[in-house]
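Q: Quick one: sequence and predicted model below, then my questions.
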Amino acid sequence: FVVTAFRQPDVNGLTSAPLERIQIVKGWVDASGQTGVQVFDVAEDQSSTYVIDPNTCLVTGTGADSLCAEWEDPNFDPDARAYYYVRVLEHPTCRWNKLACLRAQGDERSADCDREDIPTMIRERAWTSPIWYSGEES
């Protein structure tokens, strides 16, 4: 497989986070009918200096605008049915609720802003349609 991903361009002044990694997700059915899934990291942003302050949502540093890799399945079985798809992950960003709480002042600030059970960070991702391999015996 050869995979390439590009960071989303700025749209209406909104900037996406830099790319963190490309993964290939493999699922299969073995000869006994058992299913399995394995995730392979195939490209990573090795030179990233990207850091996000979870309290202020301020970002410092830089990250990858694109990633690419070549990958061969180390456990490929030509007789086994399998599927593969690519997943691309961005570096983490603050969720909409954290940004809203940071903007809110005084009485506008919700009590939910201080709840620890509500996630404040998110990692956006994109994925491809799967490639289905039916096996040579099919």
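A: Okay, I see it.
Q: From now on I want contacts and neighbour counts done on CA atoms only, so please keep to that.
A: Will do.
Q: nearest spatial neighbour of residue 66, skipping sequence neighbours?
A: Distance criterion C-alpha to C-alpha, 6 or more residues apart in numbering; nearest residue to residue 66, sequence neighbours excluded, is residue 6 at 4.3 Å.
Q: Confirm for me that that neighbour is in contact with residue 65.
A: Yes: distance between residue 6 and residue 65: 5.9 Å, which falls inside the contact criterion (C-alpha atoms under 8 Å).
Q: What sits closest to the spatially most central residue of the chain if chain neighbours are left out?
A: Note on the chain: the residue nearest the mean C-alpha position is residue 89, at 2.0 Å, using C-alpha atoms, centre = their mean. Once its chain neighbours are removed from consideration, residue 89 has its nearest residue in residue 125; the separation is 4.5 Å (C-alpha to C-alpha, 6+ apart).
Q: And the residue of the chain positioned farthest from its centre, its phi and psi?
A: Here the chain reaches farthest from its C-alpha mean at residue 107, the gap being 36.1 Å by C-alpha atoms, centre = their mean. The phi and psi values for residue 107, taken as degrees, to the nearest 10, are phi -70, psi -20.
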